[in-house]
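Peer 1: Could you look at this predicted model? Sequence included:
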Amino acid sequence: MKKITLLLLLILTYSCGIQYDGEKRLIVEGQITDRDEKPLSGRIVEVIVSDYDETDVISNSYTDANGNVLMIFPAPQNADYFSNTRISIRIAGDEIWQGKYLYNMWESDFTSYKYKLNTTLYKKEDIVQFNVIPNRVSNKDLVDVRIEGIQSNESIDFHPIVNDVLYANIQQEFKVIKNQQLVLHYTILNNDNTAPTSYNETINIGNDPINQYTITY
Amino acid sequence: MTQLTNIPLPIKLMKKYILILVLLAVNTAFCQDTESKEKEQKAKKDFRFEPSGRIKMIYPIQFGHHSLSKAHDANIGFGWSLSFFNYKNFRFSPGFDWVQYKVTDHELVGNFSASVYNSFHGTVSYEIPVTESFSVLPDLGLGYVMVNQKTSNHKFGTQEGNEIRAGFTADYKTNKFLTLFISARFIHTNLNMETDPAYIDFYGKANQIQLALGLKFN
């Protein structure tokens, strides 16, 4: 009987849901502009707090006439490496404008309790696909692929899981802005104890919805 | 009788003196008893056991540049206080206030519906009788504050702090058992807060004028 009572008490007193620190406030502020740095008004911005079981939209707002947004909200407890609680910022897209999703943030990603959300949104019609196609013809390995240029960055993982295997994280698909010159950086590992070789290629992105570059190694 | 007349004069005088002395001593003794009783009664009048309780409806008016003023609307709140002793018209009253503030600006405070202001306070008041049924009581007090941020089914943290309060109450005694009162007081609240320095005061301080209407049970 005592055990049952204790169990019932535990169930009754157990607090479900994401826990917040009522004595700490985090701030998201910044300006949202277009490609020409003109402010975008009326953009919906949300701050989302989540753990394995639950999701709270802890704050949401619209950008004002100057594209500015300011959101202040109670800090979730333990949004750090050691727990599952995470903070995300979502800028809603629509038929014309892309959306953005900044996710997997910790409290430490806020500097002095503040995250500066100065970001550029692109029109969906200005975004095209750029794919890197690995073509392996020898026992060499492609170990690094990066591009330099304007990307739409629709989702940004603040703390990606880094795999120990060198070439396991190679990104092959990029969303980039049309009508620009990209620089593609990649590195080939020769597997014969010689130093890896790095390459830089300039690529013209036009109006085609899909652009691709094949790396033969 | 014959014997008495035979008593010599000095002894007769002696007896008279003794009688006078005894009467004086008795009189003095009685006088002292009356004084001590008066003192006792006065002390009893100074310190009286007079239990009473107050219940009240509260309407807070938050003012200044802070979160409760700029991002909330106050609802009618409730409070109570108790008092047991009266010392020279001074009373100490522990009490509790409860006021719910509806969130009006979610961008400034977050997506929850209300901040609930709970105050556990102790107040010292001094009663100034104006007429037989009307009196005014200036008061001064300190309190411990908890502000719970919540929706109907989810808590979004608690903010703790303290408050200092000063004001007055006007009592109108309707009968031996019941008194109507109104009160007005200024309350300054300091709340614990960690955030960007530019916003510390906005979330960490509050000022209000608290108006109240209630009943006192004597």
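Peer 2: Here it is on my side, so go on.
Peer 1: Longest strand in chain A, please.
Peer 2: Looking across chain A with DSSP state E, the single longest strand is strand A:20-33.
Peer 1: For that strand, give the mean pLDDT please.
Peer 2: What strand A:20-33 shows for mean pLDDT is 96.
Peer 1: Measure how far that strand is from the centre of its chain, please.
Peer 2: Using C-alpha atoms, centre = their mean, to the nearest Å, the mean C-alpha position of strand A:20-33 is found 18 Å from that of the whole chain.
Peer 1: Could you do stretch B:146-163 as well?
Peer 2: Distance, centroid of stretch B:146-163 to centroid of chain: 27 Å (C-alpha atoms, centre = their mean).
Peer 1: buried sites along that stretch?
Peer 2: Neighbour counts over stretch B:146-163 (16 or more other C-beta atoms under 10 Å in any protein chain shown) mark B:147, B:148, B:149, B:150, B:154, B:155, B:156, B:157, B:158, B:159, B:161, B:163 as buried. Yep, even glycine has a C-beta here, placed from its N, CA and C like the rest.
Peer 1: so which of those residues would you say is closest to residue A:63?
Peer 2: Among the buried residues of stretch B:146-163, residue B:156 lies closest to residue A:63 (C-beta to C-beta), at 24.3 Å.
Peer 1: List the residues that contact that closest one.
Peer 2: A:20, A:22, A:58, A:74, B:110, B:112, B:149, B:150 (C-beta atoms under 8 Å, 6 or more residues apart in numbering or on different chains).
Peer 1: what does residue A:148 give?
Peer 2: So residue A:148 contacts A:182, A:183, A:184, A:185 (C-beta under 8 Å, 6+ apart).
Peer 1: which outside residues touch the helix or strand that contains the first one?
Peer 2: When elements are assigned from DSSP states H and E, residue A:182 belongs to strand A:180-189. By C-beta under 8 Å, 6+ apart, the surrounding residues in contact with strand A:180-189 are A:130, A:132, A:140-150, A:166-167, A:176, A:196-205, A:213, A:215, A:217.
Peer 1: Go through that strand and flag the buried ones.
Peer 2: Result for strand A:180-189 [16+ other C-beta under 10 Å]: buried residues A:182, A:184, A:186, A:187, A:188, A:189.
Peer 1: if we can go back for a sec, Serialize the buried residues of stretch B:146-163 to JSON lines and add fields for secondary structure and pLDDT.
Peer 2: Formatted as JSON lines, the buried residues of stretch B:146-163 follow (DSSP: H, G, I helix; E, B strand; the rest coil; pLDDT from 0 to 100):
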{"residue": "B:147", "secondary structure": "strand", "pLDDT": "97"}
{"residue": "B:148", "secondary structure": "strand", "pLDDT": "97"}
{"residue": "B:149", "secondary structure": "strand", "pLDDT": "96"}
{"residue": "B:150", "secondary structure": "strand", "pLDDT": "95"}
{"residue": "B:154", "secondary structure": "coil", "pLDDT": "91"}
{"residue": "B:155", "secondary structure": "strand", "pLDDT": "93"}
{"residue": "B:156", "secondary structure": "strand", "pLDDT": "95"}
{"residue": "B:157", "secondary structure": "strand", "pLDDT": "95"}
{"residue": "B:158", "secondary structure": "strand", "pLDDT": "97"}
{"residue": "B:159", "secondary structure": "strand", "pLDDT": "97"}
{"residue": "B:161", "secondary structure": "strand", "pLDDT": "98"}
{"residue": "B:163", "secondary structure": "strand", "pLDDT": "98"}
